[in-house]
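# Pasting the sequence and the predicted model now:
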Amino acid sequence: MTAATEGPGNAPRPLTVRDFPARKRNGEKLVMVSAYDALFARLADDGGVDAVLVGDSLGNVIDGRTSTLSVTLDQIIYHACAVRRGLQRALLVVDMPFLTYQVSVPRALLNCGRVMQETGASAVKLEGGGPRIARVVHAVIELGVPVMGHLGFTPQSVHALGGARVQGREPDAAQRLLEDAKRLEDAGAFAIVLEMIPAAVAERITASVSVPTIGIGAGAKCDGQVLVMHDLIGLNDGFSPKFLKRYAALAEDARRALRTFAAEVRDGSYPGPEHSF
Ligand code: KIV
């Protein structure tokens, strides 16, 4: 560990948004996961991820909904506060929920400001890259709040996009994504998530902007990758998009453990003398 990566008392130095473009310049990949509570955040931090996103995917993963649209500002703040308590080193990024930033610049400023004030986050993430959202991104950054962009399949627009589909397959759609990415870069975004776009399009965008791209279903040439933690550790095994790789099978382990617990309670072998006072 070097002085650049150490904090006080040799503790790992918490990452800042300035580390992200620097990583791209140095050709070092960025690793981000979505998580929603202190326990998962601590595991992610222990696992050495660079950023934890409190994603509005919590609407699907935690709340059992079919989209992210129902997630409120109060809910995301509650989860972000929990994640904050689990982190020492990784950057905390908070997703701004549907309707909290699209309606007007003043409303976006108040809501992003509230997230920063109440959660201790280092940045917020906003979906979209058209001229209107780029103006919001610029204003939020002028307020002093770092912004991560999000292009491609943007789940808050799931109905307009006709479902969770790959975006940017046609040349004009790919060109629009590239223009959106450049607009977000010009607005000052410190990183851009690229979700479900062809690998070749993501590669072109990645080569065209100075800020890091973080892919999910966007191929290997992005500057980093993000997955929902519950998906990658195999806890959420009902969700199997093509881009997902499971690195563990914890749902199966959990079911096995619960079946064994139930059997032992029923046959009287749990609790044993060693578990009793
Ligand atoms: O909500 C989320 O978790 C996300 C990531 C998957 C990028 O937006």
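Yep, it's here.
# Export stretch 130-146 to PDB, keeping only CA atoms.
Extracted as PDB, the C-alpha positions of stretch 130-146 are listed here (Å, rounded to 0.1, in the frame of the first residue of the first chain):
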ATOM      1  CA  GLY A 130     -30.400  14.300 -23.300                       C
ATOM      2  CA  PRO A 131     -30.000  18.100 -23.200                       C
ATOM      3  CA  ARG A 132     -32.600  18.500 -20.400                       C
ATOM      4  CA  ILE A 133     -31.000  15.900 -18.100                       C
ATOM      5  CA  ALA A 134     -27.500  17.300 -19.000                       C
ATOM      6  CA  ARG A 135     -28.600  20.700 -17.700                       C
ATOM      7  CA  VAL A 136     -29.800  19.100 -14.500                       C
ATOM      8  CA  VAL A 137     -26.400  17.200 -14.200                       C
ATOM      9  CA  HIS A 138     -24.500  20.500 -14.700                       C
ATOM     10  CA  ALA A 139     -26.600  22.400 -12.100                       C
ATOM     11  CA  VAL A 140     -26.200  19.500  -9.500                       C
ATOM     12  CA  ILE A 141     -22.400  19.500 -10.100                       C
ATOM     13  CA  GLU A 142     -22.300  23.300  -9.700                       C
ATOM     14  CA  LEU A 143     -24.000  22.800  -6.400                       C
ATOM     15  CA  GLY A 144     -20.900  20.700  -5.400                       C
ATOM     16  CA  VAL A 145     -22.500  17.300  -5.800                       C
ATOM     17  CA  PRO A 146     -20.600  14.800  -8.000                       C
END
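# ok, whichever residue of the chain sits closest to the ligand - contacts?
The ligand sits closest to residue 55 of the chain, with a gap of 2.1 Å, by C-beta to the nearest ligand atom. For the C-beta atoms, the positions are set from N, CA and C on the backbone; glycine is no exception. If a contact means C-beta atoms under 8 Å, 6 or more residues apart in numbering, then residue 55 has 34, 36, 68, 95, 125, 228 as its contacts.
# can you check residue 197 too?
So residue 197 contacts 151-153, 166-168, 174, 177, 205, 217-218 (C-beta under 8 Å, 6+ apart).
# Got phi/psi on it?
Dihedral pair for residue 197: phi -130, psi 150, per degrees, to the nearest 10.
# That one and residue 235, how far apart?
26 Å (C-beta to C-beta, to the nearest Å).
# wait, residue 174 sits on residue 203?
No. Taking contact to mean C-beta atoms under 8 Å, the distance of 11.0 Å between residue 174 and residue 203 leaves them out of contact.
# all strands of this protein, in order?
Counting by DSSP state E, the chain has strands at residues 30-34, 51-54, 91-95, 123-125, 147-152, 191-195, 213-216, 224-228.
# mind putting these in CSV, mean pLDDT and mean neighbour count included?
Formatted as CSV, those follow (pLDDT from 0 to 100; neighbours: other C-beta atoms under 10 Å):
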stretch, mean pLDDT, mean neighbour count
strand 30-34, 98, 24
strand 51-54, 98, 30
strand 91-95, 98, 27
strand 123-125, 98, 26
strand 147-152, 98, 29
strand 191-195, 98, 27
strand 213-216, 98, 27
strand 224-228, 98, 23
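# would CSV of those strands with distance to residue 62 be doable?
What follows is the strands of the chain, written out as CSV (distance: least, C-beta to C-beta, whole Å):
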stretch, distance to residue 62
strand 30-34, 11
strand 51-54, 11
strand 91-95, 13
strand 123-125, 17
strand 147-152, 19
strand 191-195, 19
strand 213-216, 18
strand 224-228, 10
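# ok, back up a step: of the contacts of residue 55, list those near the ligand.
Within the set of the contacts of residue 55, contact with the ligand (C-beta under 6 Å from any ligand atom) is found for 34, 95, 228.
# Could you pull up the residues touching the last one?
Yep, that's residue 228 we're talking about. With C-beta under 8 Å, 6+ apart, residue 228 has these contacts: 33-34, 55, 57, 61, 236.
# can you rerun that using 7 Å?
Residues near residue 228 by C-beta atoms under 7 Å, 6 or more residues apart in numbering: 33-34, 55, 57, 61.
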